[in-house]
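Trainee: A predicted structure for the sequence below; I have some questions about it.
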Amino acid sequence: MASIDWRRMLAFVTMQSLADRPALAAKRGRLLELLRVLAFQERQVVLSSGRTSNFYIDCKQVSLDAEGATLIGELFHAAIDELAPGAVAVGGLTLGADPLATATSVASFHAGRPRAAFIVRKEPKGHGTNQWVESTQLPAGADVVVLEDVVTTGASMLKAVERARLAGLRVVHALGLVDRLEGGREAILREVALTTLFTRRDFLPDSPEAP
């Protein structure tokens, strides 16, 4: 529990640091506006986890949008500079993490601190090396950050963490767009520190946290 509390505090301090910077705070506000308008729906849905929910958020409506991708890339890059400045690559489980990784990699290049992108397959390649992780030639033990759009149970992010580690990479942090506050954070924190830009309360302020 002490380890989880330390990781949670790291995420809080980092988000507070970003929020205190006017330029980044404005970008975060604009990104939240885009997510509310383009991605958020308050209705009954069945999630990929099989759970039912009273809201749905399709982050691809924003991560595949030109402005949205730019904002995500710049904010994720800034967060990684605070959380894991030694990270040399970013990536996660296809498909949700793919545009996030690309946007963050491009933003890092423009900022003069380039980080590569990588993709974790849902199934092995099926021919050749049968690899699970697509990347440039990252050195063994390279520090990386795993990305995710929406954290629900944490299963997708944990699979990406596991596969990245099996590929010889060192996962130093996990970074997401939205935490639904449905148990995924606790599961992920047992493996790696997690930071998200938003939670369900940014969309449903009066919504209770699920156990």
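Mentor: Nice, thanks for sending it over. The model shown is predicted, which means the values in this text are computed figures rather than measured ones.

Trainee: For the rest of this, base every contact and every neighbour count on C-alpha atoms.
Mentor: Will do.

Trainee: Quick one, grab the pLDDT at Arg28.
Mentor: At Arg28, the model reports a pLDDT of 94.

Trainee: Repeat that for Ser53.
Mentor: 82.

Trainee: show me the contacts for it.
Mentor: Ser53 makes contact with 43-47 under the criterion C-alpha atoms under 8 Å, 6 or more residues apart in numbering.

Trainee: From the chain's centroid, how far away is the helix or strand containing Ile80?
Mentor: For Ile80, the host element (DSSP states H and E) is helix 66-83. Computed by C-alpha atoms, centre = their mean, to the nearest Å, the chain-centroid distance of helix 66-83 equals 10 Å.

Trainee: mean confidence for that helix?
Mentor: pLDDT averaged over helix 66-83 gives 96.

Trainee: Show me which positions of it end up buried.
Mentor: For helix 66-83, a neighbour-count test (16 or more other C-alpha atoms under 10 Å) marks 68-80, 82-83 as buried.

Trainee: Need the contact partners of the following helix or strand past it.
Mentor: Of the helices and strands lying after helix 66-83 in sequence (DSSP H and E), the nearest is strand 89-93. The contact list for strand 89-93 (C-alpha under 8 Å, 6+ apart) reads 97-98, 100-101, 104-105, 115-122, 143-148, 156-157, 159-161.

Trainee: What angle do helix 66-83 and strand 89-93 make with each other?
Mentor: 120 degrees (axes from the mean of the first three to the mean of the last three C-alpha atoms, to 10 degrees).

Trainee: Just list whatever residues bridge to the residue positioned nearest the centre of the chain.
Mentor: By C-alpha atoms, centre = their mean, the chain has its centre lying nearest to Gly176, at 2.4 Å. Beta-bridge partners recorded for Gly176 (DSSP bridges): Glu148, Thr196.

Trainee: quick one, what contacts Asp149?
Mentor: Each residue near Asp149 by C-alpha under 8 Å, 6+ apart is listed here: 59, 96-97, 100, 176-178.

Trainee: what's the closest of those residues to Ala26?
Mentor: Using C-alpha to C-alpha, Leu177 comes nearest to Ala26 of the contacts of Asp149, at 16.1 Å.
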